[in-house]
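Novice: Predicted coordinates and the sequence they were generated for:
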Amino acid sequence: MRETWRWFGPHDTVRIETMLQAGVEGVVSALHHVPVGHIWTPAVIAQRQAEIATRSNGTPSGLAWEVVESLPVSEDIKKQSGEWRAHIEAYKTSLEHIAQAGINVVCYNFMPVLDWARTDLRWERPDGARCMRFDLLDFVAFDVFILKRTGADVAFPADIVAKAAARFATFDGARCHALADNIVCGLPGASGSYTMDDIRQHLAEYDGISADQLRRNFIDFLSEVVPVAERLGLRLCCHPDDPPFDLLGLPRIMSTEADYRHITEAVDSPANGITLCTGSLGARPDNDLARMMQHLGDKVHFLHLRNVTRETTDLRGSFFESRHLDGDVDLVAVIAAVLAEENRRKAAGRGDWQIPMRPDHGQDILDDLDRNGQPGYPAIGRLKGLAELRGVATALAHPQHGVRS
């Protein structure tokens, strides 16, 4: 695996030097300041490359921008409304510019409205560490009693709604505001400017768009952009739904192995692939991540390695982001499947045999607790996760692996 690190740009609390000291080989970044649907120009791409390539003291870092995460797909494209055709053309042009800059892996998602959903961004653990959490009762309380979405009260089992009502009765205004802010963070470009009416409007725009219709729209999008990516030698890789189950009445189409198989078979190309995110997919108890890597490995172009602990056995339930080797996802088995796939690719002479991986998320520990960085992206927590994952991979790849004295 090729070790990479996500960096949000010059305003990231993690510095270039931090990535160097972590020993990563490449950087994952994006141009979050470019509005969705607009073209990524060569100049703005080159600026980000220069920022990554330069340490704080002006000397070369030796690092390069190797993975785009993400080149966002507009809501117009997902709904096939408004400026969706112009946005697809802009997407193609951005791919041209990304390829010209020498970057060849592009991660994106096709989730409606929310890029991700958590109810707590810094949930305290018994040891004082903090992590991101999805509490189903809190989310139901938000959906039914704060957002007051039409139909939300019958979208969940009656006993869950009753428990959420009891919990909501304990909320004061500050708790309601904090919960709404946490959930709104999953909106692309969220900056505290979204009102409940704004969210209701976004959701209303998906009225009448079923999962089957959204899937058809996705295939239409891929049919347009994948041939361009293939011609350019790019590898597109779709990130799964996060979490991988229905929320807010929105269709979810990238939550299971069957979902990925449908999309990759519908537009069959080496350029049409997968971001295997063990944390997102691992929130569902029926997803076997090692098996998914074995079955879909040929299409895996990017890896997000993180772990979650599921608090219930329900398909749609509460979970929190655990330490990398402590949760319900068997990351040792996943890494073993990754290394087997890399060996297969290398033997076949594939130039992309080494799959880029980043230690995804991590718990806030030690100095992270005072840094107030991007939720889920602490410096030390990710460094700890990377060290653990690196150790597993090194042990599994050792020529004497399995030999006992």
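Specialist: Perfect, I can see it now. Numbering: from 1, shown residues only.
Novice: Output the below-cut-off pLDDT ranges for the protein.
Specialist: Along the chain, the model assigns pLDDT under 70 to residues 188-193, 401-405.
Novice: Can you tell me which residue is spatially central in it?
Specialist: His239 (5.6 Å; C-alpha atoms, centre = their mean).
Novice: Could I get the contacting residues of it?
Specialist: 69-70, 107-109, 254, 275, 277, 280, 304 (C-beta atoms under 8 Å, 6 or more residues apart in numbering). C-beta coordinates here come from the backbone N, C-alpha and C atoms, glycine included.
Novice: From Asp153, how far off is it?
Specialist: Per C-beta to C-beta, to the nearest Å, His239 is found 31 Å from Asp153.
Novice: Longest helix in this structure, please.
Specialist: Longest helix in the chain, counting residues (DSSP state H): helix 211-232.
Novice: Name every strand pairing with the helix or strand just after that helix and say which way it goes.
Specialist: Moving toward the C-terminus from helix 211-232, the next helix or strand (DSSP states H and E) is strand 235-239. For strand 235-239, sheet partners with direction are given as strand 105-109 (parallel), strand 272-277 (parallel), following DSSP bridges.
Novice: Output these as CSV; include the columns mean neighbour count and distance to Pro157.
Specialist: Compiled in CSV, those are given as follows (neighbours: other C-beta atoms under 10 Å; distance: least, C-beta to C-beta, whole Å):
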stretch, mean neighbour count, distance to Pro157
strand 105-109, 24, 28
strand 272-277, 26, 27
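Novice: Tabulate the ones you listed (TSV), appending distance to Thr18.
Specialist: Putting those into TSV (distance: least, C-beta to C-beta, whole Å) gives the following:
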stretch	distance to Thr18
strand 105-109	22
strand 272-277	23
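Novice: wait, which of those strands is closest to Tyr194?
Specialist: strand 105-109 (18.8 Å; C-beta to C-beta).
Novice: what distance separates the closest one from the centre of its chain?
Specialist: Taking the mean C-alpha point of strand 105-109 and that of its whole chain, the gap between them comes to 10 Å (C-alpha atoms, centre = their mean, to the nearest Å).
Novice: just stretch 261-270 next, same as before
Specialist: 20 Å.
Novice: got the buried residues for the helix or strand hosting Asp198?
Specialist: Using DSSP H and E, Asp198 sits within helix 196-204. Applying a neighbour-count criterion of 16 or more other C-beta atoms under 10 Å, one finds 199, 202-203 buried in helix 196-204.
Novice: could these go into CSV alongside distance to Ala290?
Specialist: CSV is the format used below for those (distance: C-beta to C-beta, whole Å):
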residue, distance to Ala290
Ile199, 37
His202, 36
Leu203, 35
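Novice: and which of those is nearest to His87?
Specialist: Using C-beta to C-beta, His202 comes nearest to His87 of these, at 16.5 Å.
Novice: separation between the closest one and Asp246?
Specialist: 16 Å.
Novice: ok, the closest residue to Leu20 other than its chain neighbours to Glu25 distance?
Specialist: Beyond its immediate neighbours in the sequence, the residue positioned closest to Leu20 (C-beta to C-beta, 6 or more residues apart in numbering) is Ser61, lying 6.2 Å away. The spacing between Ser61 and Glu25, counted by C-beta to C-beta, is 12 Å.
Novice: mind checking how far stretch 359-369 is from the chain centre?
Specialist: Between the mean C-alpha point of stretch 359-369 and the mean C-alpha point of its chain there is a distance of 17 Å (C-alpha atoms, centre = their mean).
Novice: likewise stretch 118-128?
Specialist: On the basis of C-alpha atoms, centre = their mean, the separation between the geometric centre of stretch 118-128 and that of its chain is 19 Å.
Novice: same question, stretch 60-79
Specialist: Here stretch 60-79 shows a centroid-to-chain-centroid distance of 12 Å under the convention C-alpha atoms, centre = their mean.
Novice: what about that stretch, how long is it end to end?
Specialist: Taking C-alpha to C-alpha, to the nearest Å, the span from the opening residue of stretch 60-79 to its closing residue is 44 Å.
Novice: how about it: buried residues?
Specialist: Buried residues in stretch 60-79, defined by neighbour count with 16+ other C-beta under 10 Å: 61, 63, 65-79.
Novice: got the residue ranges for the strands in the stretch 301-405 of the chain?
Specialist: Counting by DSSP state E, counting those that start in this stretch, the stretch 301-405 of the chain has these strands, from start to end: 307-310, 319-322, 356-359.
Novice: related to what we said a few turns ago, out of the buried residues of helix 196-204, which one sits closest to Asp352?
Specialist: Taking C-beta to C-beta as the measure, Asp352 sits nearest to His202 out of the buried residues of helix 196-204, at 36.4 Å.
Novice: Now do the residue lying closest to that closest one once chain neighbours are set aside against Ala178, distance only.
Specialist: The spatially closest residue to His202, leaving aside those adjacent along the chain, is Val113, at 4.9 Å (C-beta to C-beta, 6+ apart). With distances taken as C-beta to C-beta, Val113 is found 20 Å from Ala178.
Novice: Just want to know which of the two has more residues nearby.
Specialist: Val113 (18 against 15; other C-beta atoms under 10 Å).
Novice: Identify the residues contacting that one.
Specialist: With the criterion set at C-beta under 8 Å, 6+ apart, Val113 makes contact with 75, 187, 199, 202-203, 206, 248, 250.
Novice: ok, now Ala337?
Specialist: Applying C-beta under 8 Å, 6+ apart to Ala337 gives the contacts 290, 293-294, 297.
Novice: Would you mind measuring from the residue nearest to it when sequence neighbours are not counted to Arg2?
Specialist: Excluding the flanking residues, the one nearest Ala337 by C-beta to C-beta, 6+ apart is Met293, at 3.8 Å. With the distance defined as C-beta to C-beta, Met293 ends up 16 Å from Arg2.
Novice: And Arg310, by the same measure?
Specialist: Arg310 sits at a distance of 29 Å from Arg2 (criterion: C-beta to C-beta).
Novice: Also Asp314?
Specialist: Spatial separation of Asp314 from Arg2 under the definition C-beta to C-beta is 36 Å.
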